[in-house]
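A.B. asks: Here is a sequence together with a model predicted from it:
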Amino acid sequence: MATKIDKEACREAYNLVRDDASEVNWVTFKYNGSTIVPGDQGVDYETFKRKCTDDVRLFGFVRFTTGDAMSKRVKFALITWIGEDVSGLQRAKTGTDKTLVKEVVQNFAKEFVISDHKELDEDYIKNELKKAGGANYDAQTE
């Protein structure tokens, strides 16, 4: 059966993370049968990481604050998590299903496909976002 996405509900969750007035820093998009729907949401990145278990596949849209002494920037990451115990067929479908998620999640600095918990490290993700962010004034001193 072809995968579908609940665009309206997913867009609401996506916009919640993008809203500067919201405290929500991340949201997951999960499978409910053959439909992608909003999953959990929260403030703490460590809580998001705990959702990434070996038996699930999900998409995460996460807000990070990056930058340096000169300027702080909000950057967004799209994380595709595929747990170690996910079957080969489901792994393969996740790649094509991601195009449905990208119809909703359109603005992000960098995209990650991760199945190793070490790559979910917050510093690693922030560093990759910083590299994608352009000018870096950390090395300058007054």
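C.D. replies: The structure has been received and is ready for your questions. Numbers count the residues shown, from 1 in each chain.

A.B. asks: Hmm, residue 42 is touching residue 23, no?
C.D. replies: No. Residue 42 lies out of contact with residue 23 (CB atoms under 8 Å); the separation is 9.1 Å. For every residue, glycine as well, the C-beta is placed using N, CA and C.

A.B. asks: So between those two, which is more surrounded?
C.D. replies: Comparing residue 42 with residue 23 by other CB atoms under 10 Å, the one with more neighbours is residue 42, at 16 against 9.

A.B. asks: how about the more buried one, what does it touch?
C.D. replies: Taking CB atoms under 8 Å, 6 or more residues apart in numbering, we find residue 42 in contact with 24-26, 48.

A.B. asks: Check the contact lists of residue 42 and residue 23 and give me the overlap.
C.D. replies: With CB under 8 Å, 6+ apart, residue 42 and residue 23 have no common neighbours.

A.B. asks: Put the buried members of the contacts of residue 42 into a PyMOL selection.
C.D. replies: The PyMOL selection below is limited to those of the contacts of residue 42 classed as buried (16 or more other CB atoms under 10 Å):
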select buried, resi 25+26+48
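
A.B. asks: Give me the helices and strands touching the helix ranked longest in the chain, please.
C.D. replies: Selection of the longest helix in the chain by residue count, based on DSSP state H, yields helix 88-104. On a contact count with 3 or more CB pairs under 8 Å, 6 or more residues apart in numbering; DSSP states H and E, helix 88-104 meets strand 4-5, helix 7-18, strand 35-42, strand 57-67, strand 72-82.
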